[in-house]
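Undergrad: With the input below, show me the fold.
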Amino acid sequence: MRIRGAWGAVWLVLAGAGQAWSGEAMAPPVAVTFERLSAWSGGYGGQLSIKNLTTQSFPGWTLTFQTPDGVSPYNGTILRFGNGCTLTPPSWSTTLAAGATFTTGYAGTAPGLDWTPPLQASFDGIVVPVTVVDVFGGAQVVTFPGYENANLPVDQITLPQGASQVAMTAMPGSAGPFTVSASNPQLMTLALAPGGTALQISSRLAAGGRGSVRITDGPTGKSRYLGIRIRNTAGAAPGFPPYVSVGVCSEDTAGDLGMFQGWGLGVENRRADNRYIYLNGGPVSGWWTWTANPGDRVRGYLHNSLRLGLIPTFVWYNIPDASAGYPVDLQHVQDASYMQAYFALLARTLAIFNAEAPAETIMLVLEPDFLGFLMQQSGLPASGISAQVSGPATADGLLKAGDPVFPDTVQGLVKAINYFIHRQCPQVRFGWQINVWASPDPVPGGSLMKTTDAQGWSAGRAFIQAQAAKVAAYYAAAGITSYASFISFDKYGFDAGGADGDPADPARGDWFWNSDHWNNYLLYVKTLHTSTGLPAALWQLPVGRINTSQAADPYTGGLFPALGNTVNSYEDSSATWFFGDRFIPGSSLRQAYFNSNRAQDPGLVQSGGTLIWPAHFAAAGAAGVFNVMFGDGVPQSTRARPDGGTAPTDGWWLMTALQRYLVNPAPLPAP
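TA: Numbering: from 1, shown residues only. Below you'll find the model as predicted:
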């Protein structure tokens, strides 16, 4: 039986197919879940999980199931006989421990919009319950006959200003009544035509914009998600919004996608402007090889982002591979075979962009750390460092007759990458990463943004500007401004409590900043923005906040709980500074530190034991920032996404603050 996806569980007892399970006879040893996370013409991406429900371990286990679809797991091995599939665990982890969960992504092949999740499963010969979840939300509820056919469901549609009516047809098994909801109610109002035959959408913003529509079938509870782009009054499709936009780190896991799909009203909405993931690991055994169908990490991310009204953003990090650093980077750019593989990977990625999202805004952050390492440790300009460029690029076919000639130097490499992206994918906005830790000169006190603590306010600020000017000169000479549309900055991979920080005495570490240090950061960004002439994106800002926030928690009705300064629960000041907050620092050390205001920030106020930090998105915009992205930099970091859990490890603070901000976001300054 072909089905188009279902929410809920399928409970089966199969005679003659192993020991039968029933709720009265015996408890199942495991729970099995098949999820579909993304889909495209002829294929889909999924996730399979097996949870051990017992107190015993299962060495060398097997799972058997039936499906006519081609199934290729990322972990483990599939043996196939007809429609029968037998999954065995990977060689490096053959035992399913008590209470543990085995999880693997997999690629499936299926014609058109259909997929066939397994309707039976047997674990070590015992039939077990199967849960089937269609996170993808494809065409199993409704279709839009004016925009899609039987080969591929449409991800999004683009509409003009005013009122539009999009014809809608219910799929078999989804009789309605339907309900509709918009992730961006400021952009559009929604209604259903009588009988649910059409989706009626009216624009509300002259500037246009993007969002997602959720269409839910009442009797079944199944939903479909459709991205909506509305043109501005001049007829142009939306790119980045005309305000300081905000993005978050987000994988294509069921939890991360479910977060965005589960939007509610007001501050319980789950809206953002963009989301990002890494494309990393190098061209040999990196991200391209992590999926059974190579490149599906990009394909699925594009489709899911567009359905949810989010600009897909990728961090391109492939000059290093399993490790990063000056020796590794230098070795790779001077290795002709490695660079040929690098250019081939770039070509394949750009081809996916054009095939899957030819007219969509895509954001690409290029090679974090690379130029920072060279500037700090080589003692040479980028034009004086050799790199393999012309030969590898020509061999791959990226460099063609009539193209510019790029020298075999790091400068030539940077310019070649920029040129190729610009020529092949004009819809992509891209820029190079500038690392705040990569100062060309020794920094008094060790931390550039805290150098005002060591040198005094005026001297420290002058030093920061001088360092920014030197960095700008190095990076510009390296070629980063050619064809690029922005420059990018990080803070650091760790939250403040997870690196060298001391939450009890934040002045001791390099990365738990007070408001003065954040003003120094904006001075650094503004100096580079002015020097390069390019707007700035702030990327991988830590998610954690300063304890103890006095913001109302809409999910509990009380206050947000304090972060414990343990793994995935570290404090930081970045989110507090950008969004603004009322918080109680606690000790006298913390009170004095976070109340410091040598920058004379007019909104920073102390009221008894409570500090008030104002929002700083307008200040960021004035410094040249157009996009701010928050995310976990390392596995220990605090998270604004559920990932494998039911809620982000920051307890929804950042997502709630983001919804408050988006009601009245800070407009970008006039060009």
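
Undergrad: residue ranges for the strands of the stretch 501-650 of the chain, please.
TA: For the stretch 501-650 of the chain, applying DSSP state E, counting those that start in this stretch gives strands covering 536-541, 581-583, 605-607, 610-613, 625-630.

Undergrad: got those as CSV, with distance to Gly557 and mean neighbour count columns?
TA: For glycine as for every other residue, the C-beta is placed from the backbone atoms N, C-alpha and C. Below are the strands of the stretch 501-650 of the chain laid out as CSV (distance: least, C-beta to C-beta, whole Å; neighbours: other C-beta atoms under 10 Å):
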stretch, distance to Gly557, mean neighbour count
strand 536-541, 29, 25
strand 581-583, 18, 20
strand 605-607, 24, 12
strand 610-613, 20, 19
strand 625-630, 25, 26
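
Undergrad: want to try JSON lines for these, with mean pLDDT and distance to Thr179 as columns?
TA: As requested, the strands of the stretch 501-650 of the chain are exported to JSON lines (pLDDT from 0 to 100; distance: least, C-beta to C-beta, whole Å):
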{"stretch": "strand 536-541", "mean pLDDT": "96", "distance to Thr179": "36"}
{"stretch": "strand 581-583", "mean pLDDT": "98", "distance to Thr179": "35"}
{"stretch": "strand 605-607", "mean pLDDT": "95", "distance to Thr179": "44"}
{"stretch": "strand 610-613", "mean pLDDT": "98", "distance to Thr179": "39"}
{"stretch": "strand 625-630", "mean pLDDT": "98", "distance to Thr179": "31"}
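
Undergrad: okay if I get these as a markdown table plus distance to Tyr243?
TA: What follows is those, written out as a markdown table (distance: least, C-beta to C-beta, whole Å):
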| stretch | distance to Tyr243 |
| --- | --- |
| strand 536-541 | 14 |
| strand 581-583 | 20 |
| strand 605-607 | 25 |
| strand 610-613 | 20 |
| strand 625-630 | 9 |
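
Undergrad: how about the ones you listed, which one is nearest Asp408?
TA: In terms of C-beta to C-beta, the element of the strands of the stretch 501-650 of the chain nearest to Asp408 is strand 536-541, at 29.7 Å.

Undergrad: re earlier: can you say which of the strands of the stretch 501-650 of the chain is nearest to Ser383?
TA: Short answer: strand 536-541, nearest of the strands of the stretch 501-650 of the chain by C-beta to C-beta, at 24.4 Å.

Undergrad: and after the helix or strand where Ser202 lies, which helix or strand comes next?
TA: Following DSSP states H and E, one finds Ser202 within strand 198-203. Sequence order places strand 209-217 as the next helix or strand after strand 198-203, per DSSP H and E.

Undergrad: neighbouring strands for that following strand, and are they parallel or not?
TA: Sheet pairing of strand 209-217 (DSSP bridges) gives strand 178-182 (antiparallel), strand 223-230 (antiparallel).

Undergrad: so of those, which one's packed in deepest?
TA: Highest mean neighbour count among the strands paired with strand 209-217 (mean count of other C-beta atoms under 10 Å): strand 223-230, with a mean of 24.

Undergrad: Can you name the residues in contact with that one?
TA: Under the criterion C-beta atoms under 8 Å, 6 or more residues apart in numbering, residues 137-142, 144, 154-161, 182, 187-188, 201, 203, 205, 208-217, 237-238, 261, 306-309 lie in contact with strand 223-230.

Undergrad: what about stretch 587-602, how long is it end to end?
TA: 24 Å (C-alpha to C-alpha, to the nearest Å).

Undergrad: Now do the buried residues in that stretch.
TA: Judged by neighbour count (16 or more other C-beta atoms under 10 Å), stretch 587-602 contains these buried residues: Arg590, Tyr593, Phe594, Ser596, Asn597, Arg598, Ala599, Asp601.

Undergrad: what about the closest residue to the fifth one other than its chain neighbours, neighbour count?
TA: On the basis of C-beta to C-beta, 6 or more residues apart in numbering, the spatially nearest residue to Asn597 that is not a chain neighbour turns out to be Leu604, at 4.9 Å. Close neighbours of Leu604, defined as other C-beta atoms under 10 Å, add up to 20.

Undergrad: now swap in Ala344 and tell me
TA: Residues near Ala344, counting by other C-beta under 10 Å: 18.

Undergrad: circling back to that earlier point, the residue nearest to Asn597 and Leu611 touch, don't they?
TA: Yes - contact criterion C-beta atoms under 8 Å: Leu604 and Leu611 qualify, at 7.4 Å.

Undergrad: Between those two, which contacts overlap?
TA: Both Leu604 and Leu611 are contacted by Asn595, under the criterion C-beta under 8 Å, 6+ apart.

Undergrad: Just put the strands paired with strand 209-217 in JSON lines and tack on mean pLDDT and distance to Gly564.
TA: Below are those laid out as JSON lines (pLDDT from 0 to 100; distance: least, C-beta to C-beta, whole Å):
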{"stretch": "strand 178-182", "mean pLDDT": "96", "distance to Gly564": "35"}
{"stretch": "strand 223-230", "mean pLDDT": "95", "distance to Gly564": "35"}
